[in-house]
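>>> predicted model, plus sequence, below.
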Amino acid sequence: MVLKEYGPIIEDTIAQLSKNSRFSQTTKYMQHGKTSVYEHCIKVAYMSCWIASKLRLNVDYASLIRGALLHDYFLYDWHDKNKGHRLHGFFHPRKALQNAREDLELTPKEENIILRHMFPLTPIPPYYLESWIVCIADKFCAINEIFRINVIQQKMHKRIPGRRISV
């Protein structure tokens, strides 16, 4: 249901971000295991829509999707500890928000999603419902990627422009 209902919106948002920002550069950076930042952000967008849909939450899907796609828009290889990324988990939300603000106009919800998605590692909690959803979806997707659990892949498969990935 999520793929049919929100897949086209997610794909359109990916296309807009790829055209109007550096979003495609996220394909160059690995996130967890063999998953790129690009793939991770798309999975988080789908998972966020799935959570909101399953719980029948009244959310702003446009901000939810855009915030999920941009939540890790930090644009560097955080695995390279020689470049000062030792505390990546604490500082990348601010860098992602800075990059997103440089490239795009953001709503307050989108800004909060990006800035607060690492709660509780970062101490200030999310403010909006959409921010909480992305925060939870991000943790779920990260665990799946780190431990190579295929829960997400078993539920959803989608053709992403230029590449087949499991979502």
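Done, it's in.

>>> how about the helix or strand harbouring I133: buried residues?
Using DSSP states H and E, I133 sits within helix 129-146. Within helix 129-146, the residues scored as buried using 16 or more other Cβ atoms under 10 Å are 129-142, 144-145. To be clear about C-beta, it is placed using only N, CA and C from the backbone, and glycine gets the same treatment.

>>> contacts for that helix?
Residues outside helix 129-146 that contact it (Cβ atoms under 8 Å, 6 or more residues apart in numbering): 31-33, 35, 40, 43-44, 47-48, 50-52, 57, 59-60, 63-64, 67-68, 71, 109, 112-113, 116-119, 126, 149-152.

>>> rewinding a little: quick one: which of the buried residues of helix 129-146 is nearest L97?
Relative to L97, the closest of the buried residues of helix 129-146 is S131; by Cβ to Cβ it sits at 12.2 Å.

>>> roughly how far apart are that closest one and T122?
The gap separating S131 from T122 is 12 Å, by Cβ to Cβ, to the nearest Å.

>>> give me the common contacts of those two.
R116.

>>> give me the most central residue, the chain.
Residue closest to the average C-alpha location in the chain (Cα atoms, centre = their mean): C41, at 3.1 Å.
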